[in-house]
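Q: how would this look folded up:
(one chain, ligands or ions: 1)
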Amino acid sequence: MAHLLHIDSSARTEGSASRRLSAAYVDAWKNDDPHGTVTYRDLTLDTPAFVSPEWITGVFGPAEAADAATEAAVAASERLIREMEEADVLVLGVPMYNFGVPAAFKAWIDQVMMAGRTFAFGEDGPEGLLKGKRAVVLRASGSDFDDPAMAPMDFHAPYVRGVLGWMGITDVEIIAVNGYTPEQLDSSVRGAGNAISASLGTPARAA
Ligand SMILES: Cc1cc2nc3c(=O)[nH]c(=O)nc-3n(C[C@H](O)[C@H](O)[C@H](O)COP(=O)(O)O)c2cc1C
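A: The predicted structure follows:
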């Protein structure tokens, strides 16, 4: 039975294009696999802690400095890492903020990028430990980054692909919508229904 981890990170809890798209994706996935299970995490309503002195001590040592606070900091990371390990598919709603990802999403990445857990340095160099998973990123932005004039400012897609790939998730698809006005964005979101269907290999449907 397949398991999906659904994450949203838009600061908008209403009217968010990335939330609408990620929900449409998960609905279509469940329709395709009614026995599939889903874990949902909202990084805006339940934002991971920033990396702290306690987290750094807990992860990197020294062991003799460990205490209840360092253990709690590492345990919080461990919960998020386990959610990734348990998932076959990650569906990530990630808007573009200031040409990168929202701070809440970055906080999540900082919690799950852990040497020895999600990546390791082996004899052949760095190795991602979360192999065999697929990630679909539903991204919303104001500008169109397929426009060659805007493309050099797209630090979102390379960052997301880079960090997921570093952890071993190399099968990453980004479905992007954009628009400066609510009408433009809405039209772009509706058009993304075909991309979702193509991603799942199911008949076309509206997002
Ligand atoms: C704080 C903030 C920063 C933003 N920065 C960018 C940006 O750098 N480039 C861009 O094209 N759009 C930017 N936008 C527009 C959002 O990407 C756009 O409104 C998108 O639809 C937000 O996702 P959501 O609809 O899921 O909330 C920004 C919006 C906010 C609120």
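Q: Val26 versus Ser141, what's the distance?
A: Using C-beta to C-beta, to the nearest Å, Ser141 is found at 21 Å from Val26. In short, each C-beta sits where N, CA and C put it, glycine included.
Q: Against which helices or strands is the worst-scoring helix or strand of the chain on mean pLDDT packed?
A: For the chain, the helix or strand with the lowest mean confidence is helix 193-200, at a mean of 91 (criterion: mean pLDDT, DSSP states H and E). Using 3 or more C-beta pairs under 8 Å, 6 or more residues apart in numbering; DSSP states H and E, the elements in contact with helix 193-200 are helix 17-32, strand 171-178.
Q: Put the alpha carbons of whatever helix or strand Val91 lives in into CSV.
A: When elements are assigned from DSSP states H and E, Val91 belongs to strand 89-93. Extracted in CSV, the C-alpha atoms of strand 89-93 (Å, rounded to 0.1, in the frame of the first residue of the first chain):
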residue,chain,number,x,y,z
VAL,A,89,5.6,10.0,-2.6
LEU,A,90,6.1,13.5,-1.3
VAL,A,91,3.7,16.2,-2.5
LEU,A,92,5.0,19.6,-1.6
GLY,A,93,3.1,22.8,-2.0
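Q: ok, it: who's next to it in the sheet?
A: The strands beside strand 89-93 in its sheet (DSSP bridges) come out as strand 3-8 (parallel), strand 134-141 (parallel).
Q: and the following helix or strand past the last one, how far out from the chain's middle?
A: Read that as strand 134-141. Next helix or strand after strand 134-141 toward the C-terminus (DSSP H and E): helix 156-166. A distance of 10 Å separates the centroid of the chain from that of helix 156-166, by C-alpha atoms, centre = their mean, to the nearest Å.
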